[in-house]
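Asker: Model the structure of this input:
(2 chains)
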Amino acid sequence: AQSVSQHNHHVILSEAASLELGCNYSYGGTVNLFWYVQYPGQHLQLLLKYFSGDPLVKGIKGFEAEFIKSKFSFNLRKPSVQWSDTAEYFCAVASWGKLQFGAGTQVVVTP
Amino acid sequence: GAVVSQHPSRVICKSGTSVKIECRSLDFQATTMFWYRQFPKQSLMLMATSNEGSKATYEQGVEKDKFLINHASLTLSTLTVTSAHPEDSSFYICSAREGTGVGETQYFGPGTRLLVL
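Answerer: Numbers count the residues shown, from 1 in each chain, chains lettered A, B, ... in the order given. I've put the predicted structure just below:
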């Protein structure tokens, strides 16, 4: 069955620390990959997306993600987080026009 | 980026009544919109795909007679929860798809919190 796995459910880190959130998927064909963020009380916003080309994708707010086809992974990274990065992060895979989401990772950044 | 709105943002209704939720793409046309349900502390679960000018397609386990979807124009889809019951209380989120094929991207509305008493 097709699935999207996010390895960490909760991450707590201090400001200025580096962040990496894992995402693995199991789809056989061509996929489009996304990371969305949901800040407290707000709606889902697109952070970045990968369709083709350079596997290192840069998104908004200093985030980037790397598509590694051989590992079926699309990990999200940020070198130095801020308190305002506290949010829930969702990895999603689009296949046949539909999005399937991972379970989400709650990230808490402490001052 | 593309903007999607939902109305209302929250609604409280009595058991047995029907509730309509609107989803609008404000600055682009969307032939396809999606309706999701999000349970507390959980991810989004796709309920149905709303297609402009044709019937919606529902995911397995979603009752099409309970969750009526109408996509009357390229910027508006509505979800009607019919004969709502307390177990229908949830956070309903819509998205609108911009583009088609390789570059397509879904943009999400702010969600509607439904509480059925």
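
Asker: Any regions of the chain where pLDDT drops low?
Answerer: As the question left the chain open, I've gone with chain A. A:1 (pLDDT under 70).

Asker: try chain B instead
Answerer: Ranges of chain B meeting pLDDT under 70: B:1.

Asker: And the strands in chain B?
Answerer: If DSSP state E is used as the criterion, the strands of chain B fall at B:4-7, B:10-13, B:19-25, B:32-38, B:44-51, B:57-58, B:67-73, B:76-81, B:90-98, B:105-108, B:112-116.

Asker: what's the closest of these to chain A?
Answerer: strand B:105-108 (4.0 Å; C-beta to the nearest C-beta). For glycine as for every other residue, the C-beta is placed from the backbone atoms N, C-alpha and C.

Asker: rewinding a little: what about the strands of chain B, which gets the closest to A:Q106?
Answerer: Minimum separation from A:Q106 across the strands of chain B (C-beta to C-beta) falls at strand B:32-38, 13.8 Å.

Asker: Can you spell out which residues form a bridge with the residue most central in space within chain B?
Answerer: The centre of chain B sits closest to B:W35, judged by C-alpha atoms, centre = their mean, with a distance of 3.3 Å. On the basis of DSSP bridges, B:W35 is bridged to B:A48, B:C94.

Asker: Wait, it touches B:F67, no?
Answerer: Yes: here B:W35 reaches B:F67: they are 7.4 Å apart, a contact under C-beta atoms under 8 Å.

Asker: okay, and the common contacts of the two?
Answerer: Here B:W35 and B:F67 share the contacting residues B:47-48, B:79, scored by C-beta atoms under 8 Å, 6 or more residues apart in numbering or on different chains.

Asker: Show me what from chain A comes close to chain B.
Answerer: A:32, A:34, A:36, A:42-46, A:49, A:51-52, A:90, A:94, A:97-104 (C-beta under 8 Å from any C-beta of the partner chain).

Asker: Give me the buried entries from those residues.
Answerer: With burial judged by 16 or more other C-beta atoms under 10 Å in any protein chain shown, the buried subset of the residues of chain A next to chain B is A:32, A:34, A:36, A:43-44, A:46, A:49, A:51, A:90, A:94, A:98-104.

Asker: for B:T75, what are its contacts?
Answerer: B:24-26, B:29-30.

Asker: Output those residues as JSON lines; include the columns distance to A:N75.
Answerer: Formatted as JSON lines, the contacts of B:T75 follow (distance: C-beta to C-beta, whole Å):
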{"residue": "B:R24", "distance to A:N75": "34"}
{"residue": "B:S25", "distance to A:N75": "31"}
{"residue": "B:L26", "distance to A:N75": "33"}
{"residue": "B:Q29", "distance to A:N75": "34"}
{"residue": "B:A30", "distance to A:N75": "30"}
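
Asker: Could you point out the longest strand of chain A?
Answerer: strand A:87-95.

Asker: what does chain B have sitting close to chain A?
Answerer: B:1, B:32, B:34, B:42-44, B:46, B:49, B:93, B:95, B:97, B:102-111.

Asker: Please check those and keep the buried ones.
Answerer: Here, 16+ other C-beta under 10 Å leaves B:32, B:34, B:43-44, B:46, B:49, B:93, B:95, B:97, B:105-111 buried among the residues of chain B next to chain A.

Asker: Tell me which residue of chain B is furthest from the middle?
Answerer: Largest centroid distance in chain B under C-alpha atoms, centre = their mean is B:V102 at 23.4 Å.

Asker: returning to what we had before: name the residues that touch the helix or strand that comes right after the longest strand of chain A?
Answerer: Using DSSP states H and E, the helix or strand that directly follows strand A:87-95 along the chain is strand A:98-101. With contacts defined as C-beta under 8 Å, 6+ apart, strand A:98-101 is touched by A:2-4, A:34, A:36, A:90-94, B:34, B:43-44, B:46, B:49, B:95, B:106.
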